[in-house]
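# Predicted coordinates and the sequence they were generated for:
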Amino acid sequence: MDLEARAHSEHPEALRLWLRLLTCTQLIEKQVRSGLREQFDTTLPRFDLMAQLERTEGGMKMNELSRRMMVTGGNVTGITDQLVAEGLVERLEVAGDRRAFLVRMTPKGRKQFHEMAQRHEGWIVDAFASLGAKEIATLHRLLGKVKDHVSTDFLEIT
């Protein structure tokens, strides 16, 4: 049973929409995780770490990776260890800071990530294939309004 099945007709429409969004997110993520595992023998957290590194030619400090991925330093260390062992990323010492390491993708890692990213994009596009271009644009715009509203409310609370 998915999250959406928990909602009843007497629940506010906004709650039912929220549960539908969660359900769609979970279903798409499940497909992506399965595709990464079956086609590349990797995981979504490994893909996410490589996606962060792909954006920076010079690499990133471990603590910055942890912050951007919104996971603990221990999680980043574990994933990085695996990727280093496979020759997909490398750790470099940071001059003047013996405790910090810079992590960057190797050429082998960039090549593999490029292949994964292309397939990932295809899976996401396929997930929305039942919608037309105008519907996708409208949904994107409407969710942007929700994001802006929630972000504003969050800033007022904190």
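The structure has been received and is ready for your questions.

# Next, the buried residues of the helix ranked longest in the chain.
For the chain, the helix with the greatest residue count under DSSP state H is helix 13-40. Residues of helix 13-40 classed as buried: 18, 19, 23, 32, 35, 36, 40 (neighbour count, 16 or more other Cβ atoms under 10 Å). Where C-beta positions appear, they are placed from N, C-alpha and C, glycine not excepted.

# As JSON lines, the residues you listed with distance to residue 100 and pLDDT would be great.
Formatted as JSON lines, the buried residues of helix 13-40 follow (distance: Cβ to Cβ, whole Å; pLDDT from 0 to 100):
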{"residue": "18", "distance to residue 100": "40", "pLDDT": "91"}
{"residue": "19", "distance to residue 100": "42", "pLDDT": "91"}
{"residue": "23", "distance to residue 100": "41", "pLDDT": "93"}
{"residue": "32", "distance to residue 100": "31", "pLDDT": "97"}
{"residue": "35", "distance to residue 100": "34", "pLDDT": "97"}
{"residue": "36", "distance to residue 100": "29", "pLDDT": "98"}
{"residue": "40", "distance to residue 100": "30", "pLDDT": "96"}
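
# Could you export these as TSV, including distance to residue 124?
Formatted as TSV, the buried residues of helix 13-40 follow (distance: Cβ to Cβ, whole Å):
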residue	distance to residue 124
18	21
19	21
23	16
32	8
35	10
36	12
40	16
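
# Pick the one among these closest to residue 66.
Ranked by distance to residue 66 (Cβ to Cβ), these are led by residue 36 at 21.0 Å.

# That closest one against residue 48, yeah?
No: Residue 36 lies out of contact with residue 48 (Cβ atoms under 8 Å); the separation is 10.2 Å.

# which residues in this structure form strands?
In the chain, the strands defined using DSSP state E lie at 60-61, 89-94, 97-105.

# now for those strands, which one comes closest to residue 76?
Closest approach to residue 76 among these (Cβ to Cβ): strand 97-105, 8.2 Å.

# ok, the most centrally placed residue in the chain to residue 63 distance?
The centroid of the chain falls nearest to residue 48 when counting by Cα atoms, centre = their mean (5.1 Å). Applying Cβ to Cβ, to the nearest Å, the value for residue 48 to residue 63 is 16 Å.
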